[in-house]
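*Asks:* how does the following fold in three dimensions:
(4 chains)
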There are 4 protein chains.
Amino acid sequence: DRPFALIAGPCQLESLDHARMLAERIAEAAEGAGVPWIFKASYDKANRSSLEGKRGLGMDEGLKILRAIREEFGVPVLTDVHSEAQCAPVAEVVDVLQIPAFLCRQTDLLLAAGETGAAINVKKGQFLAPHDMGNVADKIASTGNTRIMLCERGTSFGYNMLVSDFRALPIMAETGYPVVMDATHSVQMPGGMGKSSGGKREYVEPLARAALAVGAAAVFMETHEDPDRAPSDGPNMVPVADLGCILKGLKAIDALTKH
Amino acid sequence: DRPFALIAGPCQLESLDHARMLAERIAEAAEGAGVPWIFKASYDKANRSSLEGKRGLGMDEGLKILRAIREEFGVPVLTDVHSEAQCAPVAEVVDVLQIPAFLCRQTDLLLAAGETGAAINVKKGQFLAPHDMGNVADKIASTGNTRIMLCERGTSFGYNMLVSDFRALPIMAETGYPVVMDATHSVQMPGGMGKSSGGKREYVEPLARAALAVGAAAVFMETHEDPDRAPSDGPNMVPVADLGCILKGLKAIDALTKH
Amino acid sequence: DRPFALIAGPCQLESLDHARMLAERIAEAAEGAGVPWIFKASYDKANRSSLEGKRGLGMDEGLKILRAIREEFGVPVLTDVHSEAQCAPVAEVVDVLQIPAFLCRQTDLLLAAGETGAAINVKKGQFLAPHDMGNVADKIASTGNTRIMLCERGTSFGYNMLVSDFRALPIMAETGYPVVMDATHSVQMPGGMGKSSGGKREYVEPLARAALAVGAAAVFMETHEDPDRAPSDGPNMVPVADLGCILKGLKAIDALTKH
Amino acid sequence: DRPFALIAGPCQLESLDHARMLAERIAEAAEGAGVPWIFKASYDKANRSSLEGKRGLGMDEGLKILRAIREEFGVPVLTDVHSEAQCAPVAEVVDVLQIPAFLCRQTDLLLAAGETGAAINVKKGQFLAPHDMGNVADKIASTGNTRIMLCERGTSFGYNMLVSDFRALPIMAETGYPVVMDATHSVQMPGGMGKSSGGKREYVEPLARAALAVGAAAVFMETHEDPDRAPSDGPNMVPVADLGCILKGLKAIDALTKH
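*Replies:* Coordinates of the predicted model:
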């Protein structure tokens, strides 16, 4: 019943200056609303819809930026890992390792992540039922690391569409681990634009509000100063200029729910 | 942005005494939370999973009870209609005609309901997209009657399961008509018990909370003094003893959202 | 293990001359392939996506045409009914009453249809699991009429999309009743064109072939001389000019399966 | 329009003797039906539902067995790879590298597999639309390797359930690459048994028949001498004793379709 945390940042790292600029604006919005936050950004988009999608800066460059943000802003940082080999070096820099949804059943990746001792945010696969995330958490916990978060990010619903089942949050919470609502990817329309994914950013705020009304421990929300020009997930990122206003609304619901 | 209303009552009418007892307890809970309410009950369950399911008291007996509740409690009443012929006589007694989800595309029923001038609550079919409910509302509005409510009650999601898409509420609200969240049937597991439907009443409250966090105009919630012995929809009805507590939580979220 | 039958005709009746012209062409194709057939057409489209969709000729005019086709061609005829009151008069003319998918759980309609003694083709609701069709058949059979066919026509799969599960055919066949594959409506995209449904007629033939490979007793296929100008279901009707060729392929698969 | 091939074997390798025994029995069935075949088995089950599921023999031991089967039986062999590093060493032994469904969007894995020059069988992710597999194939083809097969193995349909959309086969065939029907995993019920996946092997044969009726180039079917005791995917494997009879039926349909 602790107040909710925000996990926010751009979908992918673009440069140190860009990360710094966004971190400043997120910090301002989060502090204005009294919301603790974690900086999130990816150094590699390893599963783009097509080869034409930008991959990102790579691990070395990306970790340098994440380390800089972490130090300059005194904020925890989160990024996703895609192979066993990445877990240890990434965990030297970041506070939270994130397991991508497509990879949430890859046993070796879960074990390698767990063994770093870092906190782990596992996205629920689009193909997985919420009551099956206990098995996923157990794989990580078998390493002795129980700093686990389970993250809703939408479930396959026909083609090129996801749906977020709000029963999933209390169901996953039964594991005892904190539940994160990824309001950005839940409104994604995977592959919906042919060579890339579409999305509907106007539903990010409603889904985040709904999640806090049912007791989510954290909200994940990607943001950008100009989402329509972002290299990935633009259609579902929230403009950073709107973040402060959204967070105040979320904070009020969370305060009610967790009172 | 008016405060939310509650639509509540037993799934099906059992007797005048039973309806009166429940109405008293709902009134107490609703008034305690400062929530205006509408009494809901069905006189005929026209589409049970199997022939073994109880059908109900029938229209004549049912309308007598609804009229009595309406007069004794000074509360609007709602019931569902299943054919064109039922619309006019039912509308003489009740304030709100409800169109069952399976029948939400039956043009003649929508027109006959509209022509009564009564308010109409149309359930979104389990097979229908929220953006297609505009066509449904247009059928009713073609009669000159625009006292229309659009109601989310879950969408088919695999077999014997529904999911409530919380994007559906803002999408249906774009029509300009008030949107109702049926938190009872959204947690139904249709046909899930072989000869009858299952459900999970523990998710009724979370879904109702989530709906008010995204601005629903009303919440529909079936209730019973002993749901496990109710003749229909027992697994997803909320015990009336819990109603007051649930409503206070809902009222607080609604007040925040609509402030 | 009897050879498969074809249920074919236009989605809706347009005129006696039109019905006669199509019946002639269907007869020619069916006889050329050695396939017994039933003429199908609707006199009322009672659940169009929007009010703008054409409803049809009405019951009186429609039954006259169906009676004429039945007599002139010596072929059984099938049409759908939408209310209890329609069952008896329609059954005086047609050989097979069809229950629309949206209405497949309406107990009174099923009983009224059963009581006519006519054969009944019940479409599986888009919201229903195949293993739940036994309850539907039991409702009809409770009248003493067991001349029942169960018809697959697609299941809700996300929004504006259906999917045909080919496990559904053997599952429904476990009831002992013959199973019909509606290859036309299985490729429908309900509401997919805003004011009307879309569809993909290029998948009608593959789905019909697949159905006969798993032992379907009949194939339902709507057809038109110019589908793109048909008043309803144009996108998923097969041009009648292609019917003969399709049927020959189907007949060969059926002969293999039922040998 | 070449005759279909069979991809068959146990879900996971158990020992050389076991592999040899099954290969003998598959060879006998396939030769009896005149069907060319590929031996399939996994050396590592990298994404079991839970940690309790058996992983397999590992890469070194597994490749030895696959090499032995390949040499003794003169049959091509197929196995799945889970990381970039595995692709080259595995491709030294096997004829076909298989990309698991969960990993079908992992760009680096697709590229590494493509670069080996081996034939690649990519399973369509349970979360992916068939029309999005063109992007997946393009990633592999960018390496210059166009020896690609696209494999249907079911799409997420609610929780713990898959559905095979038979439109997917012609849709994927539009890429020009051969399409494989995995009839074993299409009837899987993922996570359906709590700690492991369930399934319904009685639908393997119908789905395989349906796939050949719509022109599939190959059928993938796991088999075991005693499926209920197999270490993985038992509920959906076909007893090897039934294989000959099934293949004769499949061969007849294929001959009709490809005539």
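*Asks:* what parts of the stretch 101-250 of chain A come near chain C?
*Replies:* A:157, A:158, A:159, A:161 (CB under 8 Å from any CB of the partner chain). In this view, the C-beta of every residue, glycine as well, is placed from N, C-alpha and C.
*Asks:* save those as CSV, and put in distance to chain B, neighbour count and secondary structure too.
*Replies:* CSV is the format used below for these (distance: CB to the nearest CB, whole Å; neighbours: other CB atoms under 10 Å in any protein chain shown; DSSP: H, G, I helix; E, B strand; the rest coil):
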residue, distance to chain B, neighbour count, secondary structure
A:157, 7, 25, coil
A:158, 10, 21, coil
A:159, 13, 22, coil
A:161, 10, 23, coil
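*Asks:* and which of those residues is nearest to residue D:248?
*Replies:* Nearest to residue D:248, judged by CB to CB, of these is residue A:159 at 35.2 Å.
*Asks:* contacts only, for the nearest residue to the closest one once chain neighbours are set aside.
*Replies:* Nearest non-adjacent residue to residue A:159, counting by CB to CB, 6 or more residues apart in numbering or on different chains: residue D:129, 3.6 Å away. Residues in contact with residue D:129 (CB atoms under 8 Å, 6 or more residues apart in numbering or on different chains) are A:159, A:160, A:191, D:155.
*Asks:* only the buried subset of the residues you listed, as a PyMOL command please.
*Replies:* Command for PyMOL, covering only those of the contacts of residue D:129 found buried under the criterion 16 or more other CB atoms under 10 Å in any protein chain shown:
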select buried, (chain A and resi 159+160+191) or (chain D and resi 155)
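*Asks:* grab the two from the contacts of residue D:129 that are most spread out in space.
*Replies:* Farthest pair in these (CB to CB) is A:191 and D:155. Separation: 12.7 Å.
*Asks:* if we can go back for a sec, pLDDT added to the residues of the stretch 101-250 of chain A next to chain C, as a markdown table?
*Replies:* Formatted as a markdown table, these follow (pLDDT from 0 to 100):
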| residue | pLDDT |
| --- | --- |
| A:157 | 98 |
| A:158 | 97 |
| A:159 | 96 |
| A:161 | 95 |
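*Asks:* residue A:185 - nearest residue in space that isn't next to it in sequence?
*Replies:* Closest residue to residue A:185 apart from its sequence neighbours, by CB to CB, 6+ apart: residue A:153 at 4.1 Å.
*Asks:* quick one: the one you found and residue A:179 touch, right?
*Replies:* No: checked against CB atoms under 8 Å, the pair residue A:153 and residue A:179 is beyond contact range at 11.5 Å.
*Asks:* show me where the stretch 151-259 of chain A has strands.
*Replies:* Listed in chain order, the strands of the stretch 151-259 of chain A (DSSP state E, counting those that start in this stretch) span A:155-156, A:162-163, A:179-182, A:188-189, A:198-199, A:218-224, A:238-239.
*Asks:* who are the packing partners of the third one?
*Replies:* When contacts are defined as 3 or more CB pairs under 8 Å, 6 or more residues apart in numbering or on different chains; DSSP states H and E, strand A:179-182 packs onto strand A:148-152, helix A:168-173, helix A:204-213, strand A:218-224.
*Asks:* using the three-state scheme, assign residue A:133.
*Replies:* When classified by DSSP: H, G, I helix; E, B strand; the rest coil, residue A:133 comes out as helix.
*Asks:* what about it, neighbour count?
*Replies:* Close neighbours of residue A:133, defined as other CB atoms under 10 Å in any protein chain shown, add up to 27.
*Asks:* which ones are touching it?
*Replies:* Residue A:133 neighbours (CB under 8 Å, 6+ apart): A:104, A:122, A:124, A:150, A:172, A:175.
*Asks:* now render the residues you listed as TSV, adding neighbour count and distance to chain B.
*Replies:* Compiled in TSV, these are given as follows (neighbours: other CB atoms under 10 Å in any protein chain shown; distance: CB to the nearest CB, whole Å):
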residue	neighbour count	distance to chain B
A:104	25	20
A:122	28	21
A:124	25	14
A:150	26	16
A:172	27	12
A:175	18	16
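*Asks:* these also near chain D: which ones?
*Replies:* Filtering the contacts of residue A:133 for proximity to chain D by CB under 8 Å from any CB leaves nothing.
*Asks:* relative to residue A:21, which of those residues is nearest.
*Replies:* For the contacts of residue A:133, the minimum distance to residue A:21 (CB to CB) is 29.6 Å, reached by residue A:122.
*Asks:* if you drop the residues flanking it in sequence, what lies closest to that closest one?
*Replies:* In this structure, residue A:122 finds its nearest non-sequential neighbour in residue A:99, 4.4 Å apart by CB to CB, 6+ apart.
*Asks:* ditto for residue A:94
*Replies:* Nearest to residue A:94 is residue A:77, by CB to CB, 6+ apart, at 4.8 Å.
*Asks:* what pairs with the one you found across the strands?
*Replies:* residue A:39 (DSSP bridges).
*Asks:* check contacts around it.
*Replies:* Listed by CB under 8 Å, 6+ apart, the contact set of residue A:77 reads A:38, A:39, A:40, A:41, A:66, A:67, A:69, A:70, A:93, A:94, A:95, A:96.
*Asks:* give me the subset of the residues you listed that lies in strands.
*Replies:* A:38, A:39, A:40, A:96 (DSSP state E).
*Asks:* burial measure for the third one, as a count.
*Replies:* When you say that, I think you mean residue A:40. By the criterion of other CB under 10 Å, residue A:40 has 28 neighbours.
*Asks:* and it, how far from chain B?
*Replies:* The gap separating residue A:40 from chain B is 23 Å, by CB to the nearest CB, to the nearest Å.
*Asks:* hang on, the earlier thing: tell me the buried residues within the contacts of residue A:77.
*Replies:* With burial judged by 16+ other CB under 10 Å, the buried subset of the contacts of residue A:77 is A:38, A:39, A:40, A:41, A:66, A:69, A:70, A:93, A:94, A:95, A:96.
*Asks:* mind putting the residues you listed into TSV with pLDDT and distance to residue C:213?
*Replies:* Shown next, in TSV, are the buried ones among the contacts of residue A:77 (pLDDT from 0 to 100; distance: CB to CB, whole Å):
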residue	pLDDT	distance to residue C:213
A:38	98	54
A:39	98	55
A:40	98	50
A:41	97	51
A:66	98	55
A:69	98	59
A:70	98	60
A:93	98	56
A:94	98	53
A:95	98	55
A:96	98	51
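*Asks:* going by distance to chain D, which of these wins?
*Replies:* Of all the buried ones among the contacts of residue A:77, chain D sits closest to residue A:41, with 18.8 Å by CB to the nearest CB.
*Asks:* need the contact list for the closest one.
*Replies:* Contacts of residue A:41 (CB under 8 Å, 6+ apart): A:9, A:10, A:11, A:12, A:13, A:19, A:62, A:65, A:66, A:77, A:79.
*Asks:* who wins on neighbours among these?
*Replies:* Going by other CB under 10 Å, residue A:9 tops the contacts of residue A:41 with 30 neighbours.
*Asks:* excluding chain neighbours, what is closest to that residue?
*Replies:* Residue A:9 sits nearest to residue A:40 (CB to CB, 6+ apart), 4.0 Å away.
*Asks:* report the separation between the residue sitting furthest away from the middle of chain A and residue A:215.
*Replies:* In terms of distance from the mean C-alpha position of chain A, residue A:259 ranks first, at 25.2 Å (CA atoms, centre = their mean). Separation of residue A:259 from residue A:215 (CB to CB, to the nearest Å): 11 Å.
*Asks:* which residues touch residue A:56?
*Replies:* Residue A:56 neighbours (CB under 8 Å, 6+ apart): A:12, A:13, A:42, A:43, A:44, A:45, A:62, A:231.
*Asks:* try it again at 7 Å.
*Replies:* Contacts for residue A:56 (CB atoms under 7 Å, 6 or more residues apart in numbering or on different chains) come out as A:12, A:13, A:42, A:43, A:44, A:45, A:62.
*Asks:* and the third one, what pLDDT?
*Replies:* Here, the pLDDT recorded for residue A:42 equals 97.
*Asks:* what does the pLDDT read for the closest residue to residue A:91 other than its chain neighbours?
*Replies:* Excluding the flanking residues, the one nearest residue A:91 by CB to CB, 6+ apart is residue A:116, at 3.6 Å. As predicted, residue A:116 sits at a pLDDT of 98.
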